[in-house]
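Chemist: Fold the following.
(2 chains)
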Amino acid sequence: MAWAEEVHVAVASNFLNPLKEIAERYQQDTGNTLILISGSTGKLYAQARHGAPFDVLLAADAKRPALLEQEGVGIAGTRFTYAEGSLVLWSLDPEKIKGVESLSKIARGKLAIANPKTAPYGKAAKETLHQLGLWKRLHPILVRGENIAQTLQFIATGNAAMGFISKSQMQDPRFKFKGSYWAVPSHLHEPVFQQAILLQHGASNSSAKQFLNYLQGATAKKIIQTYGYGFLEE
Amino acid sequence: MDLPLIDAEPIWLSLQLAGVTVAILLVFATPVAWWLANTRSRIRVVVEAVVALPLVLPPTVLGFYLLILLGPNGWVGGPVQAMTGSPLSFSFAGLVFASTLYSLPFVVQPLHSAFESVGKIPLETAQSLGASRLDAFFSVISPLARRGYLTAIVLGFAHTLGEFGVVLMVGGNIPGKTKVISIEIYDRVEVLEYAQAHILSAGLLLFSFLVLMMVYTVNRRLPVQVT
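Modeler: The predicted structure is shown next:
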């Protein structure tokens, strides 16, 4: 008889909700359980490097999984892009955002981004502001969320007038969207390739490998797509 | 060895925050502690319990309510926004507000016990000699309670320096405004800049140890009697 196994999955905050849906389906299909640990990619990376018991990391960038591979914490050859994310500028106020020009017209209040040092969507937001030539001007009104989920929360509670979140958060069916937004064109920042990697801790956990395969299967891809992620051309 | 660059701003900011918070708390905590020490009112236990709440509540509870309260739609943040154009969340003033609540028991409780051990007699004696109540309090009671004041100031200050969870939730990590030492340490650890994290952490550790030792030393030596 096969034992139901647990897989500990460290997941970047922006992908937590899609992963919950995938996890539900995965558990129905395989009987194995996923235990999800969410946070900013940078934090999860640091924790994995210091022996956190994660079997799999689903990062919001390609940089940290590559580093883990180099450092021997991740298993070489198991890395792949599971989704490509995009950035949106969002405000609760339905009149506030009409396009890119709304960003330079922000009269009062705060502009929320995720911490660029630890959160890939924060880094993309910073690159966008640089690209638009607004970084210096808007720098004084920036507030930084510890991860992209806190950034969303800053805007959702009205504490920040507007802010950059991931498109997937906005497309989340549980998140009843209101307000106004501007979809940031992808040429304004480095692409957000979200990569997954199997970690040493999960090397002997056959379910961990099975889950990574499942993540690339049709069921998972369909869920991922409903959240507005793109896929790499194959 | 390269000396890691240490940004003085978070340190300065934390010191300012702790200083302002303790100053405000002394003003508010003194009458509360005095009342607690002298009242026979039935609501005394209620007030005592409320004052002690920040000791047992997780900072996330305080942080969550403050985020709502201080935001543009909150009871406090709303009127402030109407007056100044910006809400209290993500501001230094907001952190002062949060810290005042967070460090309240650390200032009220030492004062409360100090006033209790002083008792009513010195005040009554001073009044019988013709001093007004307020005058008697400042010239007789507060000198007698100076151990309590010292403990309250030091604990309130050190505890505010050590505040983290609440600031993480309502601060927004703004350099020069809300990025205090504890947040700076967290940030450094997150990006594996351990050299900087070590310096700040060791500094805070040493500072906290020294001030606590100072309180205990002075409390032993400081005479309670008025000479």
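Chemist: SS state for the residue of chain B found nearest chain A?
Modeler: At 3.1 Å from chain A, B:G172 is the closest residue in chain B, using CB to the nearest CB. In short, each C-beta sits where N, CA and C put it, glycine included. Per DSSP: H, G, I helix; E, B strand; the rest coil, the secondary structure class of B:G172 is coil.
Chemist: repeat for B:P79
Modeler: When classified by three-state DSSP, B:P79 comes out as helix.
Chemist: The one 10 residues further on too?
Modeler: Reducing the assignment to helix, strand or coil with three-state DSSP, the entry for B:S89 is coil.
Chemist: hang on, the earlier thing: the residue of chain B closest to chain A: neighbour count?
Modeler: 27 (other CB atoms under 10 Å in any protein chain shown).
Chemist: what about it, distance to A:Q216?
Modeler: Using CB to CB, to the nearest Å, B:G172 is found at 37 Å from A:Q216.
Chemist: now do A:E71
Modeler: Taking CB to CB, one finds A:E71 at 24 Å from A:Q216.
Chemist: Over to B:E48?
Modeler: The gap separating B:E48 from A:Q216 is 59 Å, by CB to CB.
Chemist: next one: A:E21
Modeler: 16 Å.
Chemist: do the same with A:I141
Modeler: A:I141 sits 41 Å away from A:Q216, going by CB to CB.
Chemist: Neighbour count for those two, which is higher?
Modeler: Using other CB under 10 Å as the criterion, A:I141 and A:Q216 rank with A:I141 on top: 17 against 13.
Chemist: Need the phi and psi values for B:V76.
Modeler: Main-chain dihedrals, B:V76, degrees, to the nearest 10: phi -90, psi -50.
Chemist: for it, what are its contacts?
Modeler: B:69-70, B:88, B:97 (CB atoms under 8 Å, 6 or more residues apart in numbering or on different chains).
Chemist: confidence score at it?
Modeler: Note on B:V76: pLDDT of 93.
Chemist: all helices in chain B, in order from the N-terminus.
Modeler: In chain B, the segments counted as helices under DSSP state H are B:9-38, B:44-56, B:59-70, B:77-84, B:92-102, B:104-118, B:121-128, B:133-136, B:142-144, B:146-161, B:165-170, B:181-190, B:194-221.
Chemist: Show me the shaky parts of chain A.
Modeler: Low-confidence segments of chain A (pLDDT under 70): A:1-4, A:232-234.
Chemist: rewinding a little: quick one, which of the helices of chain B gets closest to A:M170.
Modeler: Closest to A:M170 of those is helix B:59-70 (CB to CB; 21.0 Å).
Chemist: which of the residues in the closest one are buried?
Modeler: Judged by neighbour count using 16 or more other CB atoms under 10 Å in any protein chain shown, the buried positions of helix B:59-70 are B:59, B:62-63, B:66-70.
Chemist: In CSV: the helices of chain B, plus distance to A:A83.
Modeler: Below are the helices of chain B laid out as CSV (distance: least, CB to CB, whole Å):
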stretch, distance to A:A83
helix B:9-38, 36
helix B:44-56, 42
helix B:59-70, 30
helix B:77-84, 36
helix B:92-102, 36
helix B:104-118, 46
helix B:121-128, 71
helix B:133-136, 68
helix B:142-144, 64
helix B:146-161, 42
helix B:165-170, 28
helix B:181-190, 23
helix B:194-221, 32
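Chemist: Where does A:P173 sit: helix, strand or coil?
Modeler: At A:P173, secondary structure determined by three-state DSSP is coil.
Chemist: That one: neighbouring residues, count only.
Modeler: A count of nearby residues for A:P173, using other CB under 10 Å, gives 10.
Chemist: Excluding chain neighbours, what is closest to it?
Modeler: Once flanking residues are discounted, A:P173 sits nearest to A:T226: 7.5 Å by CB to CB, 6 or more residues apart in numbering or on different chains.
Chemist: just to revisit the earlier point, out of the contacts of B:V76, which are close to chain A?
Modeler: Filtering the contacts of B:V76 for proximity to chain A by CB under 8 Å from any CB of the partner chain leaves B:L70.
Chemist: Lowest-confidence one in the contacts of B:V76?
Modeler: In this model, the minimum pLDDT among the contacts of B:V76 belongs to B:L88 (89).
Chemist: Let me know how buried A:F164 is, in neighbour terms.
Modeler: A:F164: 28 surrounding residues under other CB under 10 Å.
Chemist: ditto for the one 5 residues further on
Modeler: When counting by other CB under 10 Å, one arrives at 26 neighbours for A:Q169.
Chemist: Provide the backbone phi and psi angles at the residue of chain A found nearest chain B.
Modeler: Taking CB to the nearest CB, chain B has its nearest neighbour within chain A at A:V143, 3.1 Å off. With angles defined as degrees, to the nearest 10, A:V143 sits at phi -120, psi 140.
Chemist: Kindly report the same for A:A60.
Modeler: For A:A60, the backbone dihedrals (degrees, to the nearest 10) come out as phi -100, psi 10.
Chemist: From A:I75, how far out is it?
Modeler: 20 Å.
Chemist: try A:K221
Modeler: 23 Å.
Chemist: neighbours around A:A62, how many?
Modeler: So A:A62, with other CB under 10 Å, has 19 neighbours.
Chemist: unless I'm mixing things up, it is touching A:F193, no?
Modeler: Yes: taking contacts as CB atoms under 8 Å, A:A62 lies within contact range of A:F193: 4.6 Å.
Chemist: Overlap in contacts, these two.
Modeler: Common contacts of A:A62 and A:F193 (CB under 8 Å, 6+ apart): A:T81.
Chemist: still on that earlier bit, tell me who's in contact with the residue of chain B closest to chain A.
Modeler: By CB under 8 Å, 6+ apart, the contact set of B:G172 is A:110, A:112, A:143-145, A:154, A:159-160, B:89-90, B:178.
Chemist: Within range of chain A, give me the residues from chain B.
Modeler: Near chain A, when you scan chain B using CB under 8 Å from any CB, you find B:67-68, B:70-73, B:85-87, B:89-90, B:168, B:172-174, B:187, B:189-192.
Chemist: and chain A, which residues reach chain B?
Modeler: A:40, A:42-43, A:46, A:49, A:108-110, A:112, A:115, A:117-118, A:142-146, A:154, A:157-160.
Chemist: residues in contact with B:P59?
Modeler: So B:P59 contacts B:102, B:163-166, B:169 (CB under 8 Å, 6+ apart).
Chemist: So which of these wins on neighbours?
Modeler: B:Y102 (26 neighbours).
Chemist: Tell me if I'm right that it and B:V61 touch.
Modeler: No: using CB under 8 Å, B:Y102 is not in contact with B:V61, being 11.1 Å away.
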